[in-house]
Structure formats: structure tokens, C-alpha cells
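Engineer: attaching a predicted model along with its sequence, questions to come.
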Amino acid sequence: MAESDPRIKGAPLPRCPGTSVRDLMLADTNPVPEFLYTDEYENLGSEPIPASRYTSPEFFEAENRKMWPRTWQFAAREEELPEAGDHVVYENVGKSFLLIRQEDGSVRAFANVCLHRGRKLKTADGWSTELQCPFHGFTWNNDGSIKKIPCRWDFAHLKEEEMALPEISVGRWGGYIFIREAADGPTLEEFLAPMPEHFQRWRHEECATAMWVGKVVPANWKVVMEAFMESWHTVVTHPQLLPFTGDANSMYNIYGDYVNLTVTPFGTMSPHVDPAGKAEQWIVDEFVKYNGRSSDNYEDKEAAAGGYNVKVPEGVTARAALGASLRDTTTAMFGHDVSFASDAEMMDALLYNVFPNFSPWAGFQPNIVYRWRPWHDVDHCLMEVRVLTRVPPGQAHPKAPPMKFLSVDQKWTEAPELGILGDVFEQDMDNLPYVQTGLKASLNGKVQLANYQEIQIRQFQNTIMKYLNDEL
């Protein structure tokens with residue numbers, strides 16, 4: 001495996017001592033894509049972030065007005081609207097849109113508003129042959145053209161060619177459907193780069209939503225999203241993960257204004273753990289108990305070995321043993337041959353963040369997908385967690401289940417389908433509401449960020465300001 005030159009702009013930043021992501025990748029069982037161990041970032045400095053960006057209603061309104069309409073937003077997965085006539089209602093920051101599958105298989109998006117008196121045409125996902133307003137019966141075809149104006153004699157002033165539903169841009173990639181309200185700006189492919197190239201290996205278009213849970217969190221959407229842009233909070237917030245998580249050894253890459261990548265190695269001990277007397281088997285045993293993506297494999301304590309539940313041979317690392325087992329188990333379970341895949345792609349947390357609010361995990365295991373949306377005011381958001389699993393070759397994609405909604409007073413653990421992930425998210429909830437109230441109580445009004453481990457937060461904040469300053 002060839003070594004790769006880093007792509008760093010500005011002075012390189014200090015890194016945690018010990019085994020690096022690059023070290024692990026170069027020792028992998030199978031070749032690892034270079035982008036998973038090549039440093040690529042720009043030194044963005046050390047200036048603090050104003051706390052008001054998370055607490056100010058005025059800043060919140062500026063985002064709603066100047067940022068959200070001009071960005072590509074992940075609005076749906078293809079399996080949410082598999083048949084012609086299926087529609088999805090996507091709402092954010094007071095806007096409501098209808099995504100509708102057309103007869104030719106394309107997807108179009110329209111303002112979900114009757115052009116008569118302004119009632120929402122649809123309030124829930126579903127299927128229809130036409131779009132009829134429940135108030136007075138104005139009706140549109142699924143392609144947005146006007147079909148019927150009731151009491152037409154009383155609307156002689158309306159021209160049918162001017163009564164088409166306002167349409168917005170739709171982009172599709174990897175099974176994901178995006179919308180953008182603004183007519184101009186980068187194409188979806190430009191916006192997502194380099195993800196389309198990276199994901200050619202992982203092909204999320206071969207995946208489907210297996211579970212989907214959303215919860216209202218009493219914190220600003222950026223507070224919650226940024227908690228998932230760094231791994232080093234694990235040492236205090238998720239200590240049960242330290243035996244198999246290289247939290248402070250993570251690699252943080254940034255690609256332009258819109259995309260970044262975190263690589264957090266699993267199957268290796270945290271640098272915060274004393275390795276004395278701890279065998280490779282101990283790493284695996286802890287992984288079995290606490291790794292969120294494997295929880296469904298271990299409800300039965302008598303379950304046969306496989307997946308994450310392996311015995312590590314003498315002289316073999318936990319990562320190598322886990323990688324071999326996961327390749328076999330995944331191939332058998334989903335029918336896709338992944339014998340070529342690296343250990344890293346079978347177990348590591350490979351998390352891409354796409355501006356402004358979309359974060360898919362990569363690799364060949366069931367993938368978590370996050371989305372965050374403001375929830376009515378500056379102090380609340382809706383955090384959504386999906387799990388995608390691979391569809392076996394030759395099988396039709398199952399329709400996505402509806403999102404299970406958890407109110408602000410409910411716990412993630414009230415969604416048992418999340419397994420141990422619910423417990424992990426509840427540990428985050430022990431912090432995030434108090435981050436929001438703490439930011440409001442701040443006397444110096446500053447948020448201080450780590451130079452490297454929180455560089456993605458700084459990139460994210462810089463991009464927001466570029467939108468608000470009309471630089472993007």
C-alpha cells in the first residue's frame with residue numbers, strides 16, 4: 001500500500017501522540033482508499049466563535065432568510081416515494097415543500113401551498129393522483145400544472161399558465177434527494193464534492209432505510225450538530241466506548257466550504273486508556289457490549305460467534321479479527337461480496353458532514369445518517385437518526401418506515417429499535433440542553449475551539465458567515 005502525501009494549507013497542527021489513523025490504515029488487512037488516511041485541511045486559526053450565533057433570535061432569522069434557501073438540503077430518500085404519485089412533505093424554517101414521484105420516475109418539488117388562499121395542500125406523506133386543496137378544492141396535477149379552478153366563472157382574472165405551483169430545484173445522488181429553493185448556485189455534484197467520488201465504493205443507492213427516529217432537542221440546531229463533528233468528547237461523555245475507540249486519534253479533514261470527513265478508528269484502544277494488561281480480546285469483548293451498530297446482534301447472549309462477536313487468534317490484532325469476521329458476516333447477510341473491503345471500512349466511524357445539516361456514515365456496515373433541522377425557535381431542533389442497510393442483489397428496495405417522533409420530554413431510549421444507540425444519545429442529552437442554557441448565561445460571550453479536533457466546527461461556522469455576508 002502506497003503512502004500518501006498530506007494536503008495541508010498553512011502550518012500543520014499538533015496531533016495526539018500515539019497510533020494515528022494513518023498508522024492503522026497502513027497496517028490494514030486489505031488496501032484502504034488513500035482519502036481515508038490522507039490529511040487534508042486548512043489551518044483556520046484560533047479565533048473564538050460568538051456565543052450569540054447559538055442564542056440570538058436575530059441571528060436565527062438571518063440564517064432562515066439568507067442561508068437555508070440557498071443551500072442544498074437533504075429532503076428524502078428514494079425509498080420514501082417509490083411509486084408514481086408518492087409524495088413527501090419536507091418542512092424547514094417555516095417553508096413547506098412537496099416532493100412528488102412523477103410517471104417517468106423523476107422527482108419534482110413544489111411549494112406546498114394552495115395559490116388560492118394559502119392552505120397547505122398536504123400535511124403528511126402519502127400517495128395521490130392529484131393535489132387538491134381541502135379548503136375550496138383548487139386542484140393541481142402531480143406535475144404542478146393547474147387541473148381545476150372551482151367556480152371558474154368567478155376567477156376570470158386568473159390565467160391557467162400562471163397558476164402552476166412554484167417549483168424548486170431537485171438533485172439526486174446515492175439514493176438521497178435534495179432540494180434547493182434558490183435558482184442559482186453550485187450544482188449538487190459540486191456542492192457534495194468529493195463525496196460522490198468517495199462513495200463509489202460504498203454505493204448508498206444500494207441501501208434502504210431500516211429505521212428512522214426523530215427527537216426534539218432543547219438546544220440550537222448548531223449546538224447539536226456540532227456535537228457530532230468531533231470525537232474527543234467520548235472520554236467524558238461516553239467512557240464506555242474508550243476500550244475500542246481511538247477518540248483523540250481521529251483524523252479531521254475538510255474539503256472546501258461544504259463537506260468534511262471524520263475518521264475515528266474502532267477496534268483500537270483510546271489513548272486515554274492504560275493498555276497494561278489488556279489483551280486484544282478485551283477490545284473485542286467491549287466492542288460487542290457497547291458498539292451501537294452491532295447492538296442488534298447481541299440481544300441473545302447465546303448467539304453464535306460472528307460479526308463483532310469473535311475470538312481473536314494469538315498474534316492477531318482486534319481490528320484484523322473484527323475485519324475478517326465482519327466481511328464474512330456482511331457478505332452472508334446482505335449478499336454483496338465485500339471480501340475486498342478494508343478493516344477500516346468494516347468498522348470505523350467514517351462520518352461525512354455536508355453543509356448545512358446532513359451527515360451520513362460511510363463504509364460497508366449498516367450506516368447511520370443524521371439530519372438536524374431548527375424546530376420553531378432558536379432554542380430547539382429536531383435531530384433525526386436513520387439506519388441504512390444494504391438491499392440484497394435482485395431484491396426490491398422496501399419502502400422506508402415512517403419516522404418515529406419523540407417529543408422534547410421523551411428519551412431516545414423510548415425508541416427501542418435504536419438499541420444501545422439510544423443510550424449513547426441520552427448521554428449526549430446530558431450535555432446539550434445545558435450547553436444551550438450555558439451559552440445564554442455566558443459572561444464573555446465566546447466559544448473557544450480546539451485548533452485541530454474542532455476544526456470542522458470552525459469550517460462550518462465560517463461557511464454560515466459566508467452565506468450571511470453574501471459571499472456564497
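Structural biologist: Received it, and whenever you're ready, just let me know what you need.
Engineer: show me what contacts residue 51?
Structural biologist: Residues in contact with residue 51 (CB atoms under 8 Å, 6 or more residues apart in numbering) are 439, 440, 442, 445, 446, 447. All C-beta atoms are positioned from the backbone trio N, CA, C, and that covers glycine.
Engineer: go again using 10 Å as the cut-off
Structural biologist: If you count contacts by CB atoms under 10 Å, 6 or more residues apart in numbering, residue 51 has them with 438, 439, 440, 441, 442, 443, 444, 445, 446, 447.
Engineer: which of those residues count as buried?
Structural biologist: 439, 447 (16 or more other CB atoms under 10 Å).
Engineer: for stretch 75-85, buried residues please.
Structural biologist: Using 16+ other CB under 10 Å as the test for burial, stretch 75-85 gives 75, 76, 77, 78, 79, 80, 81, 82.
Engineer: endpoint to endpoint, it covers what distance?
Structural biologist: Taking CA to CA, to the nearest Å as the measure, stretch 75-85 stretches 17 Å from start to finish.
Engineer: what residue lies at the spatial centre of the protein?
Structural biologist: Closest residue to the average C-alpha location of the chain: residue 359 at 2.1 Å, with CA atoms, centre = their mean.
Engineer: pretty sure it is touching residue 352, no?
Structural biologist: Yes. Contact criterion CB atoms under 10 Å: residue 359 and residue 352 qualify, at 6.5 Å.
Engineer: shared neighbours of the two, anything?
Structural biologist: 260, 262, 369.
Engineer: still on that earlier bit, turn the contacts of residue 51 into a markdown table, columns for distance to residue 27.
Structural biologist: As requested, these are arranged in a markdown table below (distance: CB to CB, whole Å):
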| residue | distance to residue 27 |
| --- | --- |
| 438 | 41 |
| 439 | 42 |
| 440 | 47 |
| 441 | 47 |
| 442 | 44 |
| 443 | 48 |
| 444 | 45 |
| 445 | 46 |
| 446 | 41 |
| 447 | 37 |
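Engineer: show me the shaky parts of the stretch 251-400 of the chain.
Structural biologist: Within the stretch 251-400 of the chain, the set of residues satisfying pLDDT under 70 comprises 292-306.
Engineer: quick one: the helices in it, in order.
Structural biologist: All helices of the stretch 251-400 of the chain, identified by DSSP state H, counting those that start in this stretch, fall at 280-290, 318-334, 343-347.
Engineer: from those, which stretch is densest packed?
Structural biologist: helix 343-347 (a mean of 26; mean count of other CB atoms under 10 Å).
Engineer: CA atoms of it as PDB?
Structural biologist: Only the C-alpha atoms of helix 343-347 are listed here, as PDB (Å, rounded to 0.1, in the frame of the first residue of the first chain):
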ATOM      1  CA  ASP A 343     -10.900  -3.400   8.200                       C
ATOM      2  CA  ALA A 344     -11.400   0.300   8.400                       C
ATOM      3  CA  GLU A 345     -14.400   0.300   6.100                       C
ATOM      4  CA  MET A 346     -16.000  -2.600   8.000                       C
ATOM      5  CA  MET A 347     -15.800  -1.000  11.500                       C
END
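Engineer: what packs against it?
Structural biologist: Under the contact definition 3 or more CB pairs under 10 Å, 6 or more residues apart in numbering; DSSP states H and E, helix 343-347 sits against helix 21-26, helix 318-334.
Engineer: go through those helices and name the closest to residue 195.
Structural biologist: Of all the helices and strands packed on helix 343-347, it is helix 21-26 that lies closest to residue 195, at 18.6 Å by CB to CB.
Engineer: state the mean pLDDT of the closest one.
Structural biologist: The pLDDT scores in helix 21-26 average 96.
Engineer: show me the contacts for residue 88.
Structural biologist: 75-77, 80-81, 97-101, 107, 109, 122, 124-126, 177, 400.
Engineer: show the buried residues in these.
Structural biologist: 75-77, 80-81, 97-101, 107, 109, 122, 125, 177, 400.
Engineer: helix, strand or coil for the residue lying farthest from the centre of the chain?
Structural biologist: Here the chain reaches farthest from its C-alpha mean at residue 153, the gap being 50.1 Å by CA atoms, centre = their mean. Of the three states, residue 153 takes helix under DSSP: H, G, I helix; E, B strand; the rest coil.
Engineer: again with residue 215
Structural biologist: What three-state DSSP gives for residue 215 is strand.
Engineer: which residues touch it?
Structural biologist: Counting by CB under 10 Å, 6+ apart, residue 215 makes contact with 224, 375, 381-385, 404-408, 410-412, 414-415, 422, 425, 429.
Engineer: just those residues: which are in helices?
Structural biologist: Among the contacts of residue 215, the members found in helices (DSSP state H) are 224, 422, 425, 429.
Engineer: just name the closest of the buried residues of stretch 75-85 to residue 38, please.
Structural biologist: residue 77 (29.8 Å).
Engineer: how close does residue 347 sit to residue 246?
Structural biologist: 11 Å (CB to CB, to the nearest Å).
Engineer: between these two, what contacts are shared?
Structural biologist: Common neighbours of residue 347 and residue 246 (CB under 10 Å, 6+ apart) are 265, 266, 267, 268.
Engineer: list the contacts for the first one?
Structural biologist: If you count contacts by CB under 10 Å, 6+ apart, residue 265 has them with 19-21, 23-25, 231, 244-247, 249-251, 319, 343-344, 347-350.
Engineer: need the buried ones from the residues you listed selected in ChimeraX.
Structural biologist: Entered in ChimeraX, the line below selects the buried ones among the contacts of residue 265, by 16+ other CB under 10 Å:
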select :20,21,24,25,231,244,245,246,247,249,250,251,319,343,344,347,348,349,350
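Engineer: please identify the buried residues of stretch 144-156?
Structural biologist: Residues of stretch 144-156 classed as buried: 144, 146, 149 (neighbour count, 16+ other CB under 10 Å).
Engineer: in strands only, show me the contacts of residue 51.
Structural biologist: Per DSSP state E, strands hold the following members of these: 446, 447.
Engineer: dump the contacts of residue 51 to JSON lines, plus pLDDT and distance to residue 288.
Structural biologist: Output for those, formatted as JSON lines (pLDDT from 0 to 100; distance: CB to CB, whole Å):
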{"residue": "438", "pLDDT": "98", "distance to residue 288": "36"}
{"residue": "439", "pLDDT": "98", "distance to residue 288": "38"}
{"residue": "440", "pLDDT": "98", "distance to residue 288": "41"}
{"residue": "441", "pLDDT": "98", "distance to residue 288": "41"}
{"residue": "442", "pLDDT": "98", "distance to residue 288": "41"}
{"residue": "443", "pLDDT": "98", "distance to residue 288": "45"}
{"residue": "444", "pLDDT": "98", "distance to residue 288": "44"}
{"residue": "445", "pLDDT": "98", "distance to residue 288": "45"}
{"residue": "446", "pLDDT": "98", "distance to residue 288": "42"}
{"residue": "447", "pLDDT": "98", "distance to residue 288": "37"}
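Engineer: of the contacts of residue 51, closest to residue 194?
Structural biologist: Out of the contacts of residue 51, the member with the shortest distance to residue 194 (by CB to CB) is residue 447, at 28.7 Å.
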